[in-house]
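> next comes the sequence, and after it the predicted model I'd like to discuss.
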Number of protein chains: 2
Amino acid sequence: MTPSAQSTQPRRSDATRAAILRAARERFAADGYERATIRAIAADAQIDPSMVMRYYGSKEGLFAAAAEFDLRLPDLTSVPPAHLGEVLVRHFLARWEGDETLVALLRAASTNPGAAERMRGIFADQLTAAVATFDGDPALTARRAGLVASQILGLAFTRYIVRLPPMVDTTPDELVPWIAPTLQRYLTGTPVS
Amino acid sequence: MTPSAQSTQPRRSDATRAAILRAARERFAADGYERATIRAIAADAQIDPSMVMRYYGSKEGLFAAAAEFDLRLPDLTSVPPAHLGEVLVRHFLARWEGDETLVALLRAASTNPGAAERMRGIFADQLTAAVATFDGDPALTARRAGLVASQILGLAFTRYIVRLPPMVDTTPDELVPWIAPTLQRYLTGTPVS
DNA sequence: GGCTGTTGCCAACACATGTTGGCAAACACT
DNA sequence: AGTGTTTGCCAACATGTGTTGGCAACAGCC
């Protein structure tokens, strides 16, 4: 390790590292944490299993690196309040169609405590923070974010994990008019008793 | 095996079978399919691991027996149409608070294809059938059931699996007025474009 | 009593897993 | 050319897994 700035020197093994990460994301998404073996990931990346250990320390470390995930939520203050729900569904659907990281995280969170913890962090921090930008009541804010998470994750769970036929066969454009009003009410509505 | 009626003879090992099943449900619910080992289940039931094999054939067979699940949906034709959503949330929350079978199924469905298949069957058959009793349009019926499943399973996933704080700290009575309108619209509403 | 089927446990097998240490080749740098 | 570091592979270890076969104790029945 160089004592001075070490972040900007490209290493010769960067390609290998990237290949491992890509294979890991694929396997974790397809098989979940325990079924995705280091040997299988290494085989996909066409390298030796011991390389994975050297570069990522352990299986947990590899998962931690592979499941780095940013919701990339847009600035909600610049969205017309009446369109918040629609913007959010569209954003989420677009965000994880084609990026298997969230599926990997979702599958792993079911059985791996560390993954569940990370999932909690992502939604508690990023989503709650976004909701807080336009919601005044701090007590309600967390609940609103939790409710949105329940519908969003339920959508992902039924569509990408369980693969319920009616949820798989429906296009995002067909889904939006159903889901958007739900999120809209969770975000800006008040429960009627 | 007796060639005649064999279903009504109680066996001496019924207590053992039941203990295994109870321990299996607990372990599958707490750890998921792969982490729940036959040895741990046998230890919980205070029995030898080989007994599990003799009575349930294999780990998959044990899971199949432990994850038998009936939603026990009420007759929806006798429910005032305007209260369908509320009745359903209340029913689901009551149904799986205290019964860990669904949690076991939910966890396992994330990584085990067979469990996912069973989950698909449960919701496709039982829920879609229930919706069909009051919904006229067959094409829409499946979609309505899928949408309800997405919110219901999302609720269970965030509350019992990921354990998002705002969803865990909320009582069923507080949850109902938020979730009920969602289900109500999925069941009887029409999407606005 | 004797006999048959059941219940239970022990020990072991075959295999897959995460993980480690050593060693050869390729590289970077003087 | 020479030296230290990095990259990669091979072989192996320790452990945990589902699963199997054999053998003792027991219950039920003639």
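Perfect, thanks for sending it. Numbering: from 1, shown residues only, chains lettered A, B, ... in the order given.
> near A:S13, how many other residues are there?
14 (other CB atoms under 10 Å in any protein chain shown). In short, each C-beta sits where N, CA and C put it, glycine included.
> for the residue lying closest to it once chain neighbours are set aside, give its distance to A:T188.
Leaving aside its sequence neighbours, A:S13 sits nearest to A:Y55 (CB to CB, 6 or more residues apart in numbering or on different chains; 7.2 Å). From A:Y55 across to A:T188, the span is 46 Å (CB to CB, to the nearest Å).
> do the same with A:V89
A:V89 is 14 Å from A:T188, by CB to CB.
> A:S58 too?
A:S58 is 44 Å from A:T188, by CB to CB.
> elements contacting the helix or strand that contains A:T141?
In the assignment (DSSP states H and E), A:T141 maps to helix A:138-156. Under the contact criterion of 3 or more CB pairs under 8 Å, 6 or more residues apart in numbering or on different chains; DSSP states H and E, helix A:138-156 touches helix A:84-96, helix A:101-109, helix A:128-132, helix A:172-188, helix B:138-156, helix B:165-168, helix B:172-188.
> cutoff 7 Å now
helix A:128-132, helix A:172-188, helix B:138-156, helix B:165-168 (3 or more CB pairs under 7 Å, 6 or more residues apart in numbering or on different chains; DSSP states H and E).
> quick check: angle from it to helix B:172-188?
Computed by axes from the mean of the first three to the mean of the last three CA atoms, to 10 degrees, the angle separating helix A:138-156 from helix B:172-188 equals 40 degrees.
> what does helix A:138-156 contact?
By CB atoms under 7 Å, 6 or more residues apart in numbering or on different chains, the residues outside helix A:138-156 that reach it are A:92, A:96, A:102, A:106, A:123, A:127-128, A:131-132, A:135, A:179, A:182-183, A:186-187, B:150-151, B:153-155, B:157-158, B:164, B:166-167, B:170, B:178.
> return only those of those found close to DNA strand D.
When contact is defined as CB under 7 Å from any atom of the strand, those do not meet DNA strand D at all.
> who's in contact with whatever helix or strand A:L21 lives in?
Element membership of A:L21, judged by DSSP H and E, is helix A:14-35. Residues outside helix A:14-35 that contact it (CB under 7 Å, 6+ apart): A:36, A:40-41, A:44-45, A:47, A:51-52, A:55, A:62-63, A:65-66, A:100-101, A:103-104, A:107-108, A:111-112, A:115, B:34-35, B:110-111.
> so that helix versus helix A:101-109, what angle?
Using the same axes, to 10 degrees: helix A:14-35 against helix A:101-109 is 40 degrees.
> what about helix A:14-35 and DNA strand D, touching?
Yes - against DNA strand D, helix A:14-35 shows contacts by CB under 7 Å from any atom of the strand at A:15-16.
> for the helix or strand just after that helix, buried residues please.
The helix or strand immediately downstream of helix A:14-35 is helix A:38-44, counting by DSSP H and E. Residues A:38, A:40-42 are the ones in helix A:38-44 that count as buried (16 or more other CB atoms under 10 Å in any protein chain shown).
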